[in-house]
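Trainee: Just need the structure, nothing else, for what follows:
(one chain, ligands or ions: 2)
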Amino acid sequence: MTEIAKALTVAGTDPSGGAGIHADLKTFQEIGVYGMSVITSVVSQNTLGVKSFVDLELDFVESQFDAVYEDIPPDAVKSGMLSNPEVMALTARKMKEAGVANYVLDPVMIASSGHALISEDARVAVAKELLPLATVVTPNLPEAEALTNKTIKTVEDMKEAGRVLVEEYGANAALIKGGHYEGEADDFLYDGDTFEKFSAERFDTKHTHGSGCTYAAVITAGLANGKTLYDAVKDGKAYITAAISNPLNIGKGQGPTNHWGHRWSEIHSKEKA
Ligand SMILES: Nc1ncnc2c1ncn2[C@@H]1O[C@H](COP(=O)(O)OP(=O)(O)OP(=O)(O)O)[C@@H](O)[C@H]1O
Ligand SMILES: Cc1ncc(CO)c(N)n1
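Mentor: Ligands and ions are numbered 1, 2, ... in the order given. Okay, here's the model as predicted:
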């Protein structure tokens, strides 16, 4: 019998389906990995922005972790929206208790629409509690700036942020994403030893809602499947590039990425046949 890899996402929701838990589960499914979720916050949002959110009680978040772990231990875990220091500390404790081997930390701070998804004091908590546990941390440029307290203007600055996150804060590796940079969409992975660049052409599109969640989720699914970090990021970059370059044109604002963009031409050639 085929052994199916399992992945868990610890994150907030998006009723409009493009980011957070929803993006993660769609992505796990696309990769053929069994997806599970622990919901931290219920968010009222869509492609136009975030209206409000409610953080679930800590005991209830913990109960969800226990429900997953006592039954179906995951091969890899991803965390996204952890809106306050308490839920970060809880997540760190549950990771340690479970001895999670593959942990992708997406340090979500601000939605693509510009709305803050975590409190100010939670930033420091990310650094202290979660970074030393991370197989890889995946900040975009504003998140990398907030975590390192440094301004990022050049590729050298991006690399320096990667160095700080690994060498000073203790992450195993850092993937600094260039979605918010100008020019090509280049991301830099630093594993404490070498820098690897993952490049893609920048597409002229506003449909990138949930791109960071989706990218981190596909990397998590790759690790759950036993890939090396390098291969998980390489395949993840191809997946997110296909998701951005085949837009669904859904929503009145910044629309979702296309979670099945990687097989879009196959779907459409079947429609024509
Ligand atoms: N217009 C674009 N064309 C091609 N690739 C892009 C574009 N925008 C972002 N990317 C890529 O998408 C991935 C996600 O990066 P990004 O920096 O946008 O994440 P993010 O800001 O955390 O996303 P979000 O907050 O919208 O979920 C990266 O690989 C980045 O290079
Ligand atoms: C729940 C959630 N997590 C992350 C993001 C960032 O894209 C978002 N918009 N919503």
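Trainee: From here on, just use CA atoms for contacts and neighbour counts.
Mentor: OK.
Trainee: and residue 159, how far is that from residue 238?
Mentor: For residue 159, the distance to residue 238 equals 21 Å [C-alpha to C-alpha, to the nearest Å].
Trainee: Mind checking which of those two has more residues around it?
Mentor: When residue 159 and residue 238 are compared for neighbours, residue 159 comes out ahead with 19 against 16, by other C-alpha atoms under 10 Å.
Trainee: and the closest residue to residue 255 other than its chain neighbours, how many neighbours?
Mentor: Nearest-residue entry for residue 255: residue 207, 4.2 Å, with adjacent residues in sequence omitted and distances by C-alpha to C-alpha, 6 or more residues apart in numbering. When counting by other C-alpha under 10 Å, one arrives at 25 neighbours for residue 207.
Trainee: quick one: contacts for residue 207?
Mentor: In this structure, residue 207 makes contact with 244, 247, 249, 254, 255, 256, 257, judged by C-alpha atoms under 8 Å, 6 or more residues apart in numbering.
Trainee: Would you check how far apart it and ligand 2 are?
Mentor: Distance of residue 207 to ligand 2, computed by C-alpha to the nearest ligand atom, to the nearest Å: 12 Å.
Trainee: Likewise for residue 173?
Mentor: The spacing between residue 173 and ligand 2, counted by C-alpha to the nearest ligand atom, is 21 Å.
Trainee: right, and that residue touches residue 194 too?
Mentor: No - the pair residue 173 and residue 194 fails to qualify as a contact (C-alpha atoms under 8 Å) at a distance of 10.0 Å.
Trainee: Tell me which of these two has more neighbours.
Mentor: Comparing residue 173 with residue 194 by neighbour count (other C-alpha under 10 Å), the higher total belongs to residue 173, at 26 against 9.
Trainee: Pop out the phi and psi values for the more buried one.
Mentor: Here is the backbone geometry of residue 173 (degrees, to the nearest 10): phi -160, psi 160.
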